[in-house]
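Enquirer: Here's my sequence, what's the structure:
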Amino acid sequence: MPAARGMPGMAAYAGFYEVCSPKKGEYVYVSAASGAVDQLVGQFAKLLGCYVVGSAGSKEKLELLKTKIGFDAAINYKGEADLDAASKRYFPVGIDIYFENVGGKLPDAVLLNMRIHGRIAACGMISQFNLNHPEGVHNLYHLIIKRIRMEGFLVSDFYHLYPKFLEMVTPQIKEGKIAYVEDIAEGLESAPAALIGLFTSRNVGKQLVVVSHDL
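Expert: Now for the predicted structure:
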């Protein structure tokens, strides 16, 4: 499980613990929840005693989140005509923490449902990377009236905390408290399709390409 102890794990740790300052019992929403970083954010939140909902784009990913990874619930953002209504359905009392890795219409709906003094960690916006005209974020007025803190971060800002991260995560991995899913493509010739899959939500977890099984 090297990725869980590597950059994806460190990004999850930094974004959740350092940026979001979580508390036991809070309500946590994780976008791109089956991704390399986000599946770990959800598990860190569950270990802390939070209620956790993740969003993903297929029935298979939703099932994975609820069974193997241990989220309380999962939302198929592609199958919801009204993301605001879906957010209210799964978070009737609102959202304390939102971990952002998607962009587009999802954060618009989330902002409408954040609780007072909520926190948003902006880790990435995969839906916007290749657009000629990126979509704007609406409902920003809620940052003011709900006193929400939204902060972008780079994992490199927190590398000085890597020993602290390993001290926390290594025992949890050994005790089987953390699961990690990787998407493995075989052969160098599969690399282009694997790369494209990152931008079409085809992969689950960290995308790896095995070039050779020879040591």
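
Enquirer: going forward, measure contacts and count neighbours with C-alpha atoms only.
Expert: OK.

Enquirer: Show me the shaky parts of the chain.
Expert: When residues are selected by pLDDT under 70, those of the chain lie in 1-2, 182-187, 193-210, 212, 215.

Enquirer: in the longest helix along the chain, what's buried?
Expert: Criterion DSSP state H: the longest helix present in the chain is helix 162-174. For helix 162-174, the neighbour count (16 or more other C-alpha atoms under 10 Å) marks Tyr162, Phe165, Leu166, Val169 as buried.

Enquirer: Between those residues, which sits nearest Val19?
Expert: Val19 lies nearest to Phe165 out of the buried residues of helix 162-174, by C-alpha to C-alpha, at 14.1 Å.

Enquirer: how big is the angle separating the helix or strand hosting Gln39 from helix 162-174?
Expert: Applying DSSP states H and E as the criterion places Gln39 in helix 38-48. For helix 38-48 against helix 162-174, the angle by axes from the mean of the first three to the mean of the last three C-alpha atoms, to 10 degrees is 80 degrees.

Enquirer: All further residue positions should be reported with the first residue as 30.
Expert: Renumbered: residue one is now 30, and that last one reads helix 67-77.

Enquirer: Tell me which residues of helix 67-77 come out buried.
Expert: Asp67, Gln68, Leu69, Val70, Gly71, Gln72, Phe73, Ala74, Lys75.

Enquirer: Could you do stretch 91-105 as well?
Expert: By 16+ other C-alpha under 10 Å, the buried positions in stretch 91-105 come out as Leu91, Glu92, Leu93, Leu94, Ile98, Gly99, Phe100, Asp101, Ala102, Ala103, Ile104, Asn105.

Enquirer: Can you tell me how far the fifth one is from Ala41?
Expert: Pointing back at Ile98 there. Per C-alpha to C-alpha, to the nearest Å, Ile98 is found 14 Å from Ala41.

Enquirer: For the spatially most central residue of the chain, list the residues it contacts.
Expert: Centre of the chain computed as the mean C-alpha position; nearest residue by C-alpha atoms, centre = their mean is Asp67, 2.6 Å away. Neighbour list for Asp67: Ala41, Val59, Ser60, Ala61, Phe128 [criterion: C-alpha atoms under 8 Å, 6 or more residues apart in numbering].

Enquirer: taking these one by one, which sit in strands?
Expert: Val59, Phe128 (DSSP state E).

Enquirer: I'd like to know which of the contacts of Asp67 is nearest to Asn159.
Expert: Ala61 (16.9 Å).
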